[in-house]
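Q: What follows is a predicted protein model with its sequence.
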Amino acid sequence: QVQLVESGGGLVQAGASLRLSCAASGRTFSRGTMAWFRQAGDQEREFVASLRWSDNNKFYSNSVRGRFTISRDNAKNTVHLQMNSLKPEDTAVYYCAATNRGLILSSSGAPGSYDLWGQGTQVAVSS
């Protein structure tokens, strides 16, 4: 069974750091793309960051660029999201997503580009 499992969420104060992890099992994405999205309350799911596995190309939303870093662990088939200088507006459920396709930038930020999703992990940042 192919699945993505997120971990690392929690409750922190503004300015703190958290590291999220997404472990893929049942399939590798060595030619694909993995990404993080987030969803706060009843808002639309928002793109956070993506990583194209073939060339390690990374893409960030404007709201997190410079604070968040996406990285990969090839041996563990895992993607991480290091989140620094967290703000209350970063509060959301964070979802990992993956596809077997190596996405171009214009597609990597669209939820519809991904065909596999994790269950989500809650991140809450207090002021």
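A: Right, received. Where do you want to start?
Q: I would like the residues contacting the lowest-mean-pLDDT helix or strand in the chain, please.
A: Least confident helix or strand, the chain: helix 105-108 with a mean of 88, by mean pLDDT, DSSP states H and E. With Cβ atoms under 8 Å, 6 or more residues apart in numbering as the contact definition, helix 105-108 has outside contacts at 33, 35, 47, 50, 52, 59, 113. C-beta coordinates here come from the backbone N, C-alpha and C atoms, glycine included.
Q: my guess is the second one contacts residue 51, does it?
A: Read it as residue 35. Yes: contact criterion Cβ atoms under 8 Å: residue 35 and residue 51 qualify, at 7.1 Å.
Q: Just the buried residues of the contacts of helix 105-108.
A: Among those, those that count as buried by neighbour count (16 or more other Cβ atoms under 10 Å) are 33, 35, 47, 50, 52, 59, 113.
Q: How about the most centrally placed residue in the chain, nearest residue that isn't a chain neighbour?
A: Nearest to the mean C-alpha position of the chain, by Cα atoms, centre = their mean, lies residue 36 at 1.9 Å. In this structure, residue 36 finds its nearest non-sequential neighbour in residue 48, 4.2 Å apart by Cβ to Cβ, 6 or more residues apart in numbering.
Q: The helix or strand hosting that neighbour - contacts with which helices or strands?
A: Using DSSP states H and E, residue 48 falls within strand 46-52. With contacts taken as 3 or more Cβ pairs under 8 Å, 6 or more residues apart in numbering; DSSP states H and E, strand 46-52 sits against strand 33-39, strand 57-60, strand 68-73, strand 78-83, helix 105-108.
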